[in-house]
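Chemist: quick one, fold the following:
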Amino acid sequence: MSLASRPKGGFPPRGKARSAKADAFVMRKAVPASAPWDRDAAAQRLAAACQALGAGLPVERQAQLLDYLAQLQRWNRTYNLTALRDPDQMLVQHLFDSLAVLAPLARFLSEVAAPRLMDVGSGAGLPGVVLAIARPDWQVCCVDAVEKKTAFVNQMAAVLHLPNLSARHARVETLDPAGCDVVISRAFACLEDFAALAGRHVRPGGTLLAMKGRHPEDEIRALHDGQPWQVQRVQPLDVPELQAQRCLIWMCRKGSP
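Modeler: Model (predicted):
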């Protein structure tokens, strides 16, 4: 059975009983259980984070974000989609971190009709799924070379009723140019490699947008030396509850206004 065809929740149906030897193997390989998740407390923290970030998300979309996080926790127990296991860490380092780019993106795309975005090296859909939930008017395609991760994103499009969300299992450099307004990545590659692999998917006048931690001075120098792309600006981000540096690297083709 393929991952994409598995029932809601992502887990295969019960099959034949395993042997004692197989059970012992599963026990050795089992992922440690995460801490219990207090959804009500998470909802309050998410609402506060949205307010701090100027996201302005209605309650129903905030609920969808929590549904996504709950699904990610469930799938993670079996498929190891992300390194984080603790629900509180996932809330901050996955949801809040992804939401931090929403307002800057919305300003950039404010005069674009039916914006098209590509999330490269999306993994479990970060930030792509978060952006698709927050903005149903944006078309978001998540691209990843790991099939179980794109299967999860496609499952989220179905379970969360997100017709504006899709996923492609592929290496981004093998896809036909997509003509996107924004191609974004989060911890995907250095700036030079990101531009080389994904720049072809940006329409004229569009932007490459890299989510980074510290200001990547060495990466910026290498980009300017080796690629037809340049950094327009580095925008600091303040992610609620996260004690770490974050910034957005805005890139355009050399010669663009």
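Chemist: tell me which helix or strand of the protein sits lowest on mean pLDDT?
Modeler: Across the helices and strands of the chain, the lowest-confidence element by mean pLDDT, DSSP states H and E is helix 20-29, at a mean of 32.
Chemist: beyond it, next helix or strand please.
Modeler: As assigned by DSSP states H and E, the chain's next helix or strand after helix 20-29 is helix 39-53.
Chemist: tell me the mean pLDDT for that following helix?
Modeler: For helix 39-53, mean pLDDT is 97.
Chemist: what angle do the following helix or strand past it and helix 39-53 make?
Modeler: Scanning forward in sequence from helix 39-53 by DSSP H and E, the next helix or strand is helix 59-79. Note on geometry: by axes from the mean of the first three to the mean of the last three Cα atoms, to 10 degrees, helix 59-79 and helix 39-53 are set 120 degrees apart in direction.
Chemist: roughly how far does residue 58 sit from residue 64?
Modeler: Per Cβ to Cβ, to the nearest Å, residue 58 is found 10 Å from residue 64. Every C-beta, even on glycine, is put in place using the N, C-alpha and C of the backbone.
Chemist: of those two, who's got more company?
Modeler: Between residue 58 and residue 64, residue 64 has the larger neighbour count (other Cβ atoms under 10 Å), namely 23 against 10.
Chemist: would you map the strands across the stretch 101-250 of the chain?
Modeler: 116-120, 139-144, 165-169, 180-186, 202-212, 229-237, 246-253 (DSSP state E, counting those that start in this stretch).
Chemist: can I get those in TSV with mean pLDDT and distance to residue 53?
Modeler: TSV is the format used below for these (pLDDT from 0 to 100; distance: least, Cβ to Cβ, whole Å):
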stretch	mean pLDDT	distance to residue 53
strand 116-120	98	18
strand 139-144	98	18
strand 165-169	98	21
strand 180-186	97	16
strand 202-212	97	14
strand 229-237	97	9
strand 246-253	97	12
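Chemist: out of those strands, nearest to residue 71?
Modeler: Residue 71 sits nearest to strand 165-169 of all the strands of the stretch 101-250 of the chain, at 13.2 Å, using Cβ to Cβ.
Chemist: now what about that closest one, what contacts it?
Modeler: Under the criterion Cβ atoms under 8 Å, 6 or more residues apart in numbering, residues 122, 125, 128-129, 132, 140-147, 150-151, 153-154, 156-157, 175 lie in contact with strand 165-169.
Chemist: mind running it again at 10 Å?
Modeler: With Cβ atoms under 10 Å, 6 or more residues apart in numbering as the test, strand 165-169 has contacts from 4, 118-119, 122, 125, 128-129, 131-133, 136, 138-158, 174-175, 178.
Chemist: which among those end up buried?
Modeler: For the contacts of strand 165-169, a burial check counting by 16 or more other Cβ atoms under 10 Å picks out 4, 118-119, 122, 125, 128-129, 131-133, 138-144, 148-157, 175, 178.
Chemist: and those residues, which of them are in helices?
Modeler: Among the buried ones among the contacts of strand 165-169, DSSP state H puts 128-129, 131-133, 148-157 in helices.
Chemist: ok, those vs residue 70, which is closest?
Modeler: Out of these, the member with the shortest distance to residue 70 (by Cβ to Cβ) is residue 156, at 11.0 Å.
Chemist: so for the closest one, what's the pLDDT?
Modeler: Reported pLDDT for residue 156: 98.
Chemist: for residue 98, see how far away it is.
Modeler: Residue 156 is 13 Å from residue 98, by Cβ to Cβ.
Chemist: please enumerate the shared neighbours of the two.
Modeler: Common neighbours of residue 156 and residue 98 (Cβ under 10 Å, 6+ apart) are 125, 128-129, 133.
Chemist: now tabulate the residues you listed in CSV and tack on pLDDT.
Modeler: CSV is the format used below for the shared contacts of residue 156 and residue 98 (pLDDT from 0 to 100):
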residue, pLDDT
125, 98
128, 98
129, 98
133, 98
